[in-house]
Every structure is written in C-alpha cells, then in structure tokens.
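**Student:** here are the coordinates; sequence isn't available:
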C-alpha cells in the first residue's frame, strides 16, 4: 500500500526550523520523505512523503507537533494565503489503496490533530462532509486573520476540534484527493482565440469536463498557442477523452494538434488507460503490468 | 536496478529435486524467486526470479550447482527439446538497466558456469556472437543426444568451456532478450481466411515486422476470429504500430477490430509508448511515471 501526502506548512524563511520539520518526518521509519522545498516570499514549505496509512499518519502527527510549537500565525507574513501552521494536508492514493481508505485516514488524522493539539480541522475535497467546504479556496477565504470571525458562523463549525482557532496555529485543512496531472496540448496555429475557445469548451467552470481546469496561452517564441490544463481526477476524466475532445474542437477551426506534453509526474494507470482505449484492450487488470506484479510478490 | 531471469531446468518429475533448486535460489538474499512451475510430461521446470546483476548471477550459479549434481541427461526423457541440465537462461532488462548490461551479465555468468562446472555454454539472442547461433531453436536442434556429434564441427565450438558436452549435464544456452508480450486482436468477423492473411502480413517470417510472431485462429464459441501474436521486442516493434497495421489490413476486407487483449504481463513502458503515440506526447521521460519516481528515491 502506498499513500502520498503533501503537507503545506506556513514557514519558509527559517531554514533551521524547516529542517526540524523534515527531521521530525524522517524519524518515522514507515514513511519516506521524498522531497521538501521552501518559498521565502510565500513563507511556506511543501513536504512530499509516502508510506502506508500508519506511516503517513505518524509522520503528519510528528510534523504537527513541531509546527504547532514553532510557528505563530499572529506574526507570520507571506504572499500565499494560509489558515494555519500546518495549513493543508492532502492524502493521495497511489498504489494498492482506495480513495475511500484515504478519506478514512484524513478523518482519523483530523480527529487526532484536534484532540492532541487543540487545532480545529476542516475536511476538504473527497473527505469533505459539506459541499460548501469542498474546495480549498472556499475554506481558506479570509485567511488566518479573518478566521475567528468566520468561525462564529454555524456553517464554519469545524469537522473536528474547538469552534474557534488555535491562538497561534490557526486551523488546518485535511483531506483526500486524486493525483493531479499537468497536461498541455500545443496547437499548430498562432490563433490565441482558438486556444481560448477550446479551453472554455473543455473546462468544468464553463460547462466542460468535471475534472478539467484549462486556459489558453500563446507560446510567443514558437509562434503557436497552447491549451494548458490541470486534470484533477484522471479516472473520472481520463486524458484520452480530453485529448480527443480538444482534437475535435480544434478541427472545427481547421486547426490540428501539434503535440501534447505532460509536465511533471503522471500515474502509470493514467497512461495504461490511454493505451487500453486506443488499442481497444478488453479485460485488462493493473496486476498485468510487469512492474506492479514484481512489487506485489 | 531490476533484472528478470527465467532459467529452464530439465527436471519436472521429482518434486523434491525441484524444491531443492528453488531452495538454492532462495538462499541468495539479493535475488527474489517470484514463481516456479514444473511440467511432468515435458520433464522440465521454469523458475522466474528478479534481482540486481549480482543477485541473479549468484542465484543462477547456485541453481547450476544443484542441477549439475542432480540431473543426468543420459537418462532424462521428456517431450520438450533440451540440451542440458540447466537448459536455457535468459536475462531480461526490466528497470534501470540496459540490454547491454544484461548481455555483459550473460557473458559473465556463461564464463563462470564453464569454469566452475565444466559445462560448455552457447550465448543466444542479444548475447549471441554469431548470427547462426542467435535463435534458441537452431542451437538446440539435435538435442542432448546429438550434441557430441554436433560439437565436433568448428561452427559449434561453444562461447565458453570445453569443446565437448559435459557427460551428464550437456550444454547450456545463456543470453539476454527483451520481455515478451502475448497480444491478441479479435476481429468482428468469422472469416478465418482474413485472420490468417493479416497474421501473414504482420509477422516477420512472411515479410512483416521484425519482432512479431503471429497466427490466425477461429474462436468457435464466439463465432469470431483472432490474430494471435507474440511481440518479442516492444521497443523496436511497438504494440501501437502492430495494432494500427492490423486495423488497416482488416479494413481492406471490410472487417473491423472488435477488441484486443494482453495475455499475462506487459511492461509499463510498452503501455506508456502507446499513450505517447496516440496522445502525441513529446519529450516524455520514464521518470515522469509517478511509480518509477517513487521507487527511485
């Protein structure tokens, strides 16, 4: 079982303090800290760790213990919006684990954070218990400075913990989500209007696919345009369906696809799904992938 | 680094002896025995193990030690053609290792087998040093019983070891090859002639792709026909190219593809290559696959 967890912490200017957070995570033998990076202008650090459910749970609680002690939101300044010392904690199912299990884990960790540190916790994304509190942006609106007033409303009673912010650590947003895929399609044209119309056609916000965010851009140096996307659930809105729709919409304007690109990481299953679609493969199972099989035994 | 090795051993009727071979492999901590199975009518067992170069090398030598002691080809009977006690040993690159490294490993193991056990070794497939000794079938023709006479010819001087068979253990064929993919395409027709014509068009033996073996079959219970294939090098003859060619050839007869199926295991990279082709993905690298990245760190 492999769960990825990407805690965002409101400290990016004191390297020794950030190193202390990394050390706290590394103390947990059943979790692995893959990477962490700090942004001083955001005054924020992002940690990427993987492990089984117990491992990432312990690592997150160890991180909370240090962060609640070391961070005081009352004196924290930074460009990035934030609500708490450990601001956001998403759990992401990677291998041999369901989304439902990650939702359960988010709730378990949320309850433990509230109980051990007195920090109120809001559940978000797949773990959300309230449609108005599904999106991170909605929960974080008003930031730490507006949180005490915001939490006086019944609709902002937290999922776990006290009905008011922790004095120095604010509140935390904990939840579960699918891995994101950053995916761009370059069009064989310099017509920005075409890229913008296609982006509007495929993104959820203007009537497109449920799990697509998209915008049209000009790539000035290459004299072409790009439909730039975030795919937020590759199982329910697969890459191939987005690609085929962009291709069809572009043809409407006499434009063809030059190429596409995946920025950063992509789950193996998202590529396998495209292969299954185009090759019309029936009855394929994830454990037929040689690497998956080798890791199971 | 992950190398797969699939030794074929000429013993499939004495379970205790076969269990002893498995135990010898399991003694090597840096190799992992994934699976083994025996066929009594073939009087042959197949072992599947993985590990790094040193691990699979030690495991194969441990297997040889037991097999040379326990097997006597002079009294061995079975339906499957064979040349030696440890009959064939292919090394297959899986992850973080090149074919060239597997060829080197085959030569290193071949030299060690000849030196330690006095068994002549023929290198085959990618490790072959002689075009006439690339295919296993050519090397094995005449079997153990014909080997002593065959090896009197200069063209059958082994790559390593003595110029005559080991009295009881014969000779061994050691080499490197790509993973095989068993891939079938079902056609929406009951016309066997169409499946046979398409199989002939795509297989190497009748002028088709270099790394395709193919035949046409009738699936009586479903009233359809199948082009059944082995893809022996998915990098040089990729699945998508075979699929598109079958589709085009079928259209010639007014027939469409009903579905395809992958039988058994497929390397993740073979599916990724199909996704890259159809989605026109440029500049994709294997370490962008999330699971590959997670395993590297």
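**Tutor:** Ah, there it is. Owing to the predicted nature of the structure, the values given are computational and were not obtained by experimental measurement. Residues are numbered from 1 along each chain as shown, chains lettered A, B, ... in the order given.
**Student:** burial count for residue A:232?
**Tutor:** Using other CB atoms under 10 Å in any protein chain shown, residue A:232 has 19 neighbouring residues. Just so you know, the C-beta spots here come from the backbone N, C-alpha and C atoms, and that holds for glycine as well.
**Student:** where does it land on pLDDT?
**Tutor:** pLDDT recorded at residue A:232 is 93.
**Student:** what about whatever residue of the stretch 1-150 of chain A ends up closest to chain B, neighbour count?
**Tutor:** Residue of the stretch 1-150 of chain A nearest chain B, by CB to the nearest CB: residue A:34 (4.9 Å). Counted with other CB under 10 Å, residues neighbouring residue A:34 total 15.
**Student:** what's the distance between it and residue A:12?
**Tutor:** The gap separating residue A:34 from residue A:12 is 18 Å, by CB to CB, to the nearest Å.
**Student:** Tell me which stretches of chain A form strands.
**Tutor:** Using DSSP state E, the strands of chain A run over A:2-5, A:8-9, A:31-39, A:44-51, A:86-95, A:121-125, A:172-176, A:181-187, A:212-219, A:224-231, A:257-263.
**Student:** Compare the mean pLDDT across those and name the weakest.
**Tutor:** strand A:31-39 (a mean of 90).
**Student:** same for it, what does it pack against?
**Tutor:** Strand A:31-39 sits against helix A:15-26, strand A:44-51, helix A:53-70, with contacts defined as 3 or more CB pairs under 8 Å, 6 or more residues apart in numbering or on different chains; DSSP states H and E.
**Student:** Pull up the pairing partners for that strand, direction included.
**Tutor:** Strand pairing for strand A:31-39, using DSSP bridges, gives strand A:44-51 (antiparallel).
**Student:** What angle do helix A:53-70 and the partner strand make with each other?
**Tutor:** If you take axes from the mean of the first three to the mean of the last three CA atoms, to 10 degrees, strand A:44-51 sits at 160 degrees to helix A:53-70.
**Student:** quick one, what contacts the nearest residue to residue A:292 once chain neighbours are set aside?
**Tutor:** By the measure of CB to CB, 6 or more residues apart in numbering or on different chains, the closest residue to residue A:292 outside its immediate chain neighbours is residue A:286, 5.6 Å from it. Listed by CB atoms under 8 Å, 6 or more residues apart in numbering or on different chains, the contact set of residue A:286 reads A:269, A:272, A:292.
**Student:** coming back round to it: quick check: the residue of the stretch 1-150 of chain A closest to chain B touching residue A:46?
**Tutor:** No - applying CB atoms under 8 Å as the test, residue A:34 and residue A:46 come out as separate, 11.1 Å apart.
**Student:** tally of neighbours for residue A:32?
**Tutor:** Residues lying near residue A:32 (other CB under 10 Å) number 18.
**Student:** Spell out which residues of the stretch 101-250 of chain A are next to chain B.
**Tutor:** Counting by CB under 8 Å from any CB of the partner chain, the stretch 101-250 of chain A comes close to chain B at A:179, A:239, A:240, A:243.
**Student:** out of the residues you listed, which one sits closest to residue B:78?
**Tutor:** The closest of those to residue B:78 turns out to be residue A:240 (CB to CB; 47.3 Å).
**Student:** dump the residue contacts of residue A:110.
**Tutor:** Contacts for residue A:110 (CB under 8 Å, 6+ apart) come out as A:121, A:123, A:127, A:159, A:160, A:172, A:174.
**Student:** Please apply the same query to residue A:190.
**Tutor:** Contacts for residue A:190 (CB under 8 Å, 6+ apart) come out as A:218, A:223, A:224, A:225.
**Student:** ditto for residue A:3
**Tutor:** A:50, A:51, A:52, A:53, A:56, A:91, A:92, A:93, A:94, A:97, A:102, A:105.
**Student:** Next up, the contacts around the fourth one.
**Tutor:** In this structure, residue A:53 makes contact with A:1, A:3, A:97, A:101, A:105, judged by CB under 8 Å, 6+ apart.
**Student:** Surely the last one and residue A:58 touch.
**Tutor:** Read that as residue A:105. No - Residue A:105 is beyond contact range of residue A:58, at 11.5 Å (criterion: CB under 8 Å).
**Student:** Where does pLDDT dip in chain A?
**Tutor:** Across chain A, the ranges flagged by pLDDT under 70 are A:295-297.
**Student:** picking up where we left off before, put the buried members of the contacts of residue A:190 into a ChimeraX selection.
**Tutor:** This is the ChimeraX syntax for the buried subset of the contacts of residue A:190, where burial follows 16 or more other CB atoms under 10 Å in any protein chain shown:
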select /A:224,225
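**Student:** Among the contacts of residue A:110, which pair sits farthest apart?
**Tutor:** Longest span within the contacts of residue A:110, CB to CB: A:127 and A:172, 12.3 Å.
**Student:** any idea how far residue B:225 is from the residue of the stretch 1-150 of chain A closest to chain B?
**Tutor:** Applying CB to CB to residue A:34 and residue B:225 gives a distance of 49 Å.
**Student:** picking that back up, state the distance from the residue nearest to residue A:292 to residue B:71.
**Tutor:** 38 Å.
**Student:** go on, residue A:7?
**Tutor:** Counting by CB to CB, the gap from residue A:7 to residue B:71 is 58 Å.
**Student:** And for residue A:86?
**Tutor:** With CB to CB as the criterion, residue A:86 and residue B:71 are 63 Å apart.
**Student:** Same question for residue A:72.
**Tutor:** 74 Å.
**Student:** now the contacts of residue A:110: which count as buried?
**Tutor:** Among those, those classed as buried by 16+ other CB under 10 Å are A:121, A:123, A:127, A:159, A:160, A:172, A:174.
**Student:** Mind checking which of residue A:105 and residue A:58 has more residues around it?
**Tutor:** Just comparing residue A:105 and residue A:58: by other CB under 10 Å the higher neighbour count belongs to residue A:105, 24 against 19.
**Student:** show me what contacts the more buried one?
**Tutor:** A:3, A:53, A:56, A:57, A:91, A:176.
**Student:** circling back to that earlier point, which one's more surrounded, residue A:86 and residue B:71?
**Tutor:** Applying other CB under 10 Å to residue A:86 and residue B:71 shows that residue A:86 carries more neighbours, namely 32 against 25.
**Student:** Tell me if I'm right that that one and residue A:9 touch.
**Tutor:** Yes - with contact defined as CB under 8 Å, residue A:86 reaches residue A:9; the gap is 5.5 Å.
**Student:** Not counting sequence-adjacent ones, nearest residue to whichever residue of the stretch 101-250 of chain A sits closest to chain B?
**Tutor:** Closest approach between the stretch 101-250 of chain A and chain B, counting by CB to the nearest CB: residue A:243, at 5.1 Å. Closest residue in space to residue A:243, ignoring its immediate chain neighbours: residue B:279 at 5.1 Å, by CB to CB, 6+ apart.
**Student:** Contacts only, for that neighbour.
**Tutor:** By CB under 8 Å, 6+ apart, residue B:279 lies in contact with A:239, A:240, A:243, A:260, A:274.
**Student:** for residue A:97, same thing?
**Tutor:** So residue A:97 contacts A:1, A:2, A:3, A:53 (CB under 8 Å, 6+ apart).
**Student:** How many residues are close by the spatially closest residue to the third one that is not a sequence neighbour?
**Tutor:** Translated: residue A:3. Among residues not flanking residue A:3 along the chain, residue A:56 sits closest, at 5.2 Å (CB to CB, 6+ apart). Using other CB under 10 Å, residue A:56 has 28 other residues around it.
**Student:** was I right about residue A:56 contacting residue A:47?
**Tutor:** No - using CB under 8 Å, residue A:56 is not in contact with residue A:47, being 10.8 Å away.
**Student:** The residue lying farthest from the centre of chain A and chain B, how far apart?
**Tutor:** What lies farthest from the middle of chain A is residue A:254; by CA atoms, centre = their mean that is 35.7 Å. Distance of residue A:254 to chain B, given as CB to the nearest CB, to the nearest Å: 18 Å.
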